[in-house]
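**Q** Coordinates for the following, if possible.
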Amino acid sequence: MKLELRHLRVVCAIAEAGSLSKASSSLGLAQPALTAQLHRIEALLGGRLFERDHRGARPTALGELVLERARVLLPAFSRLQEDALRLVDDTVPGDRYRVGAVNGPMLGGLVHRLTEAHPGAHVSTQVSWSGEELSAMVAAGRLDYVLVGVCGDAPPPSEHGLTWHVIAVEPVFVLMPEDHPFTVLEEVELGALRDTQWAVVPGDGCFGDCFVAACSRAGFTPRTMYEVDINSCIDLASTGDAVALCQPTFRRTPGLVSMPLAGAPLRWRHLMGWDPEGPAAAFGPQVLRYAAEAYRETAERSTRYADWLPRHPEYGAVPHQALV
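**A** As a prediction, this is how the structure comes out:
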């Protein structure tokens, strides 16, 4: 993990708000998720950035140094974005679809539908593990639409004024070798995995905290959590070195099985967002429909998930609805 501009924005937000609770509200994050982010940033920089007590959060000497540099870098980056936008081509919305996505099951199917339905349009994509970063790109006019995932009932990135629509609600499955004794079951109890190591792809938001809370409810504290890319998740699961937390639509991989957790203790929502005041908003419902179709198609290809869904009708693709 490397220091990124979004980390500097978090540090500035905490300093401006004067406390983590106020900063979490302004950033649209749960306070435990923001606390976890701050700890990761401090680990990257090698020291504490804030002294925290009942009176709030005050920058340390290291924090002051970071803030001084961040207040130069962030405006400079914003100016760079604005200058770059002046140089983009004059393609108009409807002839151009620029889609950003966090790791999820819909991007490929969405691109296929866009290029098939609009053969003359220019379709481009941008991927990141950070929904916050992609949402900022939509707000800056560098993307038209963004696909993100959020944990449970957590809000999507809220500081950029995007309107958000729910595409699907799904449980979190676990990925394990096909010869694991639990794969003969219909569902795996989370508590039965108390002695395992875990693997997950990175992301912003509160998923890590929600996972720890779910393990606590199941009566244990999780052991090592490896934060790795998708290929490394597959490798660790294949060798039995870790159980990987995965989406139920995870593409079938030889030697591996994705298993549902009993009671669905972890839930994930797939959302699409766009700027309601931007020119791409007129085509938003159409793109949203393509994304929902792509999700349904992907869910149908996942045999175990397709078998699981009829018994859990509250999950899967949902009727189009706006959050904000």
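**Q** Could you name the specific helix or strand carrying Tyr97?
**A** Element membership of Tyr97, judged by DSSP states H and E, is strand 96-101.
**Q** Which neighbours in the sheet does that strand have, and how are they oriented?
**A** strand 122-127 (parallel), strand 145-151 (parallel) (DSSP bridges).
**Q** if we look at it, which residues are touching it?
**A** Contacts of strand 96-101 with the rest of the structure, by CB atoms under 8 Å, 6 or more residues apart in numbering, involve 107, 110-111, 114, 118, 121-128, 134, 137-138, 142-148, 283, 287. (Each C-beta comes from the backbone N, C-alpha and C, glycine too.)
**Q** From those residues, keep the buried residues only.
**A** Buried subset of the contacts of strand 96-101 (neighbour count, 16 or more other CB atoms under 10 Å): 107, 110-111, 114, 118, 128, 134, 137-138, 142-148, 283, 287.
**Q** Among those, which are located in strands?
**A** Of the buried ones among the contacts of strand 96-101, the ones assigned to strands by DSSP state E are Tyr145, Val146, Leu147, Val148.
**Q** Dump those residues to a markdown table, plus distance to Leu245.
**A** Below are these laid out as a markdown table (distance: CB to CB, whole Å):
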| residue | distance to Leu245 |
| --- | --- |
| Tyr145 | 26 |
| Val146 | 23 |
| Leu147 | 19 |
| Val148 | 17 |
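**Q** Which one of the residues you listed is nearest to Ile14?
**A** Val148 (22.5 Å; CB to CB).
**Q** Leaving out sequence neighbours, find the closest residue to the closest one.
**A** What sits nearest to Val148 in space, not counting adjacent residues and going by CB to CB, 6 or more residues apart in numbering, is Gly131, at 3.5 Å.
**Q** One more: Arg304?
**A** Nearest non-adjacent residue to Arg304, counting by CB to CB, 6+ apart: Ser258, 6.2 Å away.
**Q** What residues of the helix or strand harbouring that neighbour count as buried?
**A** With elements taken from DSSP H and E, the one containing Ser258 is strand 256-260. Neighbour counts over strand 256-260 (16+ other CB under 10 Å) mark Leu256, Val257, Ser258, Met259, Pro260 as buried.
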